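Colleague: Fold the following, please.
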Amino acid sequence: MTQAPNHESLEAALGEIPIKQLLHLPRWLGPLTICFMAGLLPWIVYLAMTLPARSRADHYDIAWVGFDCAMWLVIGMLGFCAFTGRAATGPFAAVAATMLCLDAWFDVTTSQGQSQFVFAIVLAGAAEIPLAILCGWVAVNAELVRARAYRRLRSRWEQAVELARQADERAIAAVRAAITTLALPPQP
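Modeller: Residues are numbered from 1 along each chain as shown. Predicted coordinates:
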């Protein structure tokens, strides 16, 4: 005869779902990023003082088309992951948000002439930045949505286990009643 699992064994099998999961990253990662920021600041100042205001690039068109193709691919992968509920939805959303912000920034700052500048501002304000905000929200909330769905699934599983336990108890009681009925001597 099998015994229904008790609540403790169920918890042990499922594990606990923390409300906010902490990433177990190497301890040196935080200090390394602070050092990188400290080293990057003088480089930014140097570039601001030494770069020319205007420069000619031989492969300007290839750079933009390549970047836009990469952004198109990342947004496509984000859509695929969102449709199929993949774990990579959050990371692809973060990359897409970053690329959209970069695209808006460079569209505006490299535009030539007033009409290109106005078009870049409108495109950034109406499409790129709002989509980047949406992607940023998805990146932050994708894991929360996933954990909430897991908790719902876990709750449904616990209900199914409880129903199975109750059915098992009813079946055992029915078998015992049948055995008791068969074992009783005939009544005169």
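Colleague: where along the protein do the helices fall?
Modeller: 7-14, 29-50, 60-84, 89-109, 114-123, 129-183 (DSSP state H).
Colleague: So for the fourth one, what gets flagged as buried?
Modeller: Within helix 89-109, the residues that qualify as buried are 89-101, 103-104, 107-108, counting by 16 or more other CB atoms under 10 Å. Where you see a C-beta, it was placed from the backbone N, CA and C, and this is true even at glycine.
Colleague: repeat for stretch 125-145
Modeller: 128-129, 131-132, 135-136, 138-139, 142.
Colleague: next one: that stretch to chain centre, how far?
Modeller: With CA atoms, centre = their mean, to the nearest Å as the basis, stretch 125-145 stands 11 Å off its chain's centre.
Colleague: For it, give me every contacting residue.
Modeller: 21, 78, 82, 89-91, 93-94, 96-98, 100-101, 103-104, 107 (CB atoms under 8 Å, 6 or more residues apart in numbering).
Colleague: Which of these sits closest to D168?
Modeller: Q21 (34.8 Å; CB to CB).
Colleague: Output the below-cut-off pLDDT ranges for the chain.
Modeller: For the chain, the stretches with pLDDT under 70 are 1-25, 184-188.
Colleague: rerun at 50
Modeller: 1 (pLDDT under 50).
Colleague: quick one: contacts for the residue most central in space within the chain?
Modeller: Nearest residue to the geometric centre of the chain (CA atoms, centre = their mean): G90, 2.6 Å. For G90, the contact set (CB under 8 Å, 6+ apart) comprises 138-140, 142-143.
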